[in-house]
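S.K.: Please work out how this folds:
(one chain, ligands or ions: 1)
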Amino acid sequence: MASHASIIGTGSYLPKKILTNADMANIVDTSDEWIQSRTGIRQRHIAADDEFTLDLAELAARQAIDAAGIDSSEIDLIVLATTTADQIFPSTACLLQSRLGCQGGPAFDVQAVCTGFVYALAVAEKFIATGSSQKALVVGAETFSRILDWTDRNTCVLFGDGAGAVVLEARDKPGILSTHLHSNGDYSALLHVPSGVSNNYAAVQEGRAYVEMEGSEVFKMAVRKMGEVVDEALEANNLAKTDVDWLVPHQANQRIIAATAKKLGMSMDRVVLTVGEHGNTSAASIPLALDTAVRRGDIITGDKVLIEAFGGGFTWGSALIEM
Ligand code: UT7
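M.R.: Numbers count the residues shown, from 1 in each chain. Sure thing, here's the model as predicted:
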């Protein structure tokens with residue numbers, strides 16, 4: 001009999017250092033008023049110089065493992081979503097596996113930028129559904145501050161660093177009810193870092209491999225696609241909009257989130273909103289928001305939670321989860 005993947009623990013971590021909007025106004029020509037009114041962001045957390053994506057991932061993972069009440073050695077799969085891996089190789093997932101002491105099972109990174117956690121969760125869910133894995137760790141972790149141009153006000157005010165994680169366990173009943181993943185590479189140039197290992201490695205070596213974004217184009221597409229995946233998930237599960245207890249969207253911009261909630265006919269008090277606290281943390285944003293809502297006691301066992309994201313690629317997708 002096929003198994004289902006249930007979330008049995010969540011965790012998250014934000015670096016100690018905070019840059020407020022007032023701090024950003026000392027770095028670029030911006031203001032708290034502009035940032036808050038356009039995005040809802042109040043502050044972002046920035047990793048210390050000696051703190052890396054792996055460190056953030058480990059702290060979030062350990063919290064999720066504790067919450068699950070298991071020993072880290074029981075983890076038999078790690079799928080880690082990141083755009084900001086510490087090393088070209090090995091994957092951050094392999095480095096994390098060693099730190100956690102759960103060597104032997106598969107461990108790999110997935111790269112879908114802001115949709116990374118949804119992709120990672122969907123992949124891990126399939127490993128569990130086919131019986132290949134019993135206890136999976138799914139992590140979203142980023143040090144996005146390292147790929148920002150701190151002289152570009154169009155981008156540097158928007159992003160931050162952080163990590164979130166969940167532990168999945170094979171159970172008889174769902175769990176994760178559905179996942180839907182999409183991408184369209186035709187739009188790659190609207191949101192990208194246009195250099196890497198094989199193309200213009202000098203930019204990486206010289207610390208000029210920066211995020212570039214056509215903000216308003218991305219905004220329009222994000223609102224459209226985040227709405228579409230809501231419909232797709234509900235239809236696939238034969239559910240009405242009112243059956244969803246919580247929406248946990250990618251935390252990029254409060255206005256995008258509000259537009260999606262409106263489409264779902266959901267009042268904002270059923271939408272988990274943490275973007276104000278940490279800005280856009282890319283693949284970390286959904287597990288950060290999910291963990292915040294679980295620890296607050298808002299999301300409880302039995303709740304139907306819809307997570308959804310949109311990001312570079314373009315990539316977008318959703319997962320409907322019974323907690
Ligand atoms: O996570 C992956 C997906 N990413 C996203 O979802 C981000 C999507 N995009 C957005 O969130 C929004 O488009 C932004 C927040 C990036 C921008 O908001 P907007 O309402 O679309 O503003 P805009 O791009 O139309 O820019 C309006 C003005 C421009 O000035 P002019 O040309 O009208 O004079 C910009 O130069 O705002 C200016 N501007 C700023 N002003 C103060 C841009 N950045 C800043 C800034 N402070 N930081």
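S.K.: any idea how far the ligand is from residue 59?
M.R.: 23 Å (C-beta to the nearest ligand atom, to the nearest Å). (Each C-beta comes from the backbone N, C-alpha and C, glycine too.)
S.K.: And for residue 274?
M.R.: For residue 274 relative to the ligand (C-beta to the nearest ligand atom), the value is 14 Å.
S.K.: Show the contacting residues for that residue.
M.R.: 251, 285, 288-289, 292 (C-beta atoms under 8 Å, 6 or more residues apart in numbering).
S.K.: ok, so what distance separates it from residue 35?
M.R.: Per C-beta to C-beta, to the nearest Å, residue 274 is found 16 Å from residue 35.
S.K.: Over to residue 126?
M.R.: Residue 126 is 39 Å from residue 35, by C-beta to C-beta.
S.K.: go on, residue 189?
M.R.: From residue 189 to residue 35 the distance is 25 Å (C-beta to C-beta).
S.K.: Also residue 156?
M.R.: 11 Å.
S.K.: Find residues that contact each of these two.
M.R.: Shared contacts of residue 156 and residue 35, counting by C-beta under 8 Å, 6+ apart, come down to residue 24.
S.K.: How is the protein partitioned into domains?
M.R.: 4-173, 177-322 (automatic domain parsing).
S.K.: could those go into a markdown table alongside mean pLDDT?
M.R.: Converted to a markdown table, these look like this (pLDDT from 0 to 100):
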| stretch | mean pLDDT |
| --- | --- |
| domain 4-173 | 98 |
| domain 177-322 | 96 |
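S.K.: Apart from its neighbours in sequence, what residue is nearest the residue in the stretch 101-250 of the chain positioned nearest to the ligand?
M.R.: Relative to the ligand, the nearest point of the stretch 101-250 of the chain is residue 215 (2.9 Å; C-beta to the nearest ligand atom). Counting by C-beta to C-beta, 6 or more residues apart in numbering, residue 215 lies nearest to residue 154, which is 6.0 Å off, once chain neighbours are set aside.
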